[in-house]
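Here's my sequence, what's the structure:
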Amino acid sequence: MEYKKEYKQTLEQYEQEQKEYIKRCRTFLKAFGNVPEPTKEEREETYERVKIALSMRRSTEEMNLLCVLDYALTKSEELNRE
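Okay, here's the model as predicted:
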């Protein structure tokens with residue numbers, strides 16, 4: 001019975017951490033609102049960059065989110081240089 005309680009607390013803690021992570025990501029993306037949608041090639045390049053930087057032990061959803069963030073930052077820097 002104690003195990004179930006601990007498991008539930010762990011899940012609740014994880015859920016709260018994810019909410020905060022998503023909130024930070026939304027704020028970040030709002031700051032880079034001028035960045036255009038990536039092309040297929042840019043998506044692939046971004047994915048490879050993120051995949052190399054992180055281990056593949058991440059969930060698909062988290063990898064996708066990290067790709068979006070990486071692309072927005074990279075593209076914004078590129079636009080600012082132009």
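
what sits against E42?
Neighbouring residues of E42 by Cβ atoms under 8 Å, 6 or more residues apart in numbering: Y71, K75. Every C-beta, even on glycine, is put in place using the N, C-alpha and C of the backbone.

Kindly recompute the last result at 10 Å.
Contacts for E42 (Cβ atoms under 10 Å, 6 or more residues apart in numbering) come out as P36, C67, Y71, T74, K75, E78.

Okay, the last one and K5: tell me how far apart.
Same thing as E78. Remark: distance between E78 and K5 (Cβ to Cβ, to the nearest Å) = 50 Å.

now the fourth one
From T74 over to K5 the distance is 44 Å, taken as Cβ to Cβ.

Which of these two has more residues huddled nearby?
Under the criterion of other Cβ atoms under 10 Å, the comparison of T74 against K5 puts T74 first, with 17 against 9.

List of residues touching the helix or strand that contains A72?
Applying DSSP states H and E as the criterion places A72 in helix 60-81. Under the contact criterion Cβ under 10 Å, 6+ apart, helix 60-81 has outside partners 18, 21-22, 24-25, 28-29, 31-38, 42-51, 53-54, 56, 58-59.

Which stretches in this protein count as helices?
Here the chain has its helices, by DSSP state H, at 2-31, 40-53, 60-81.
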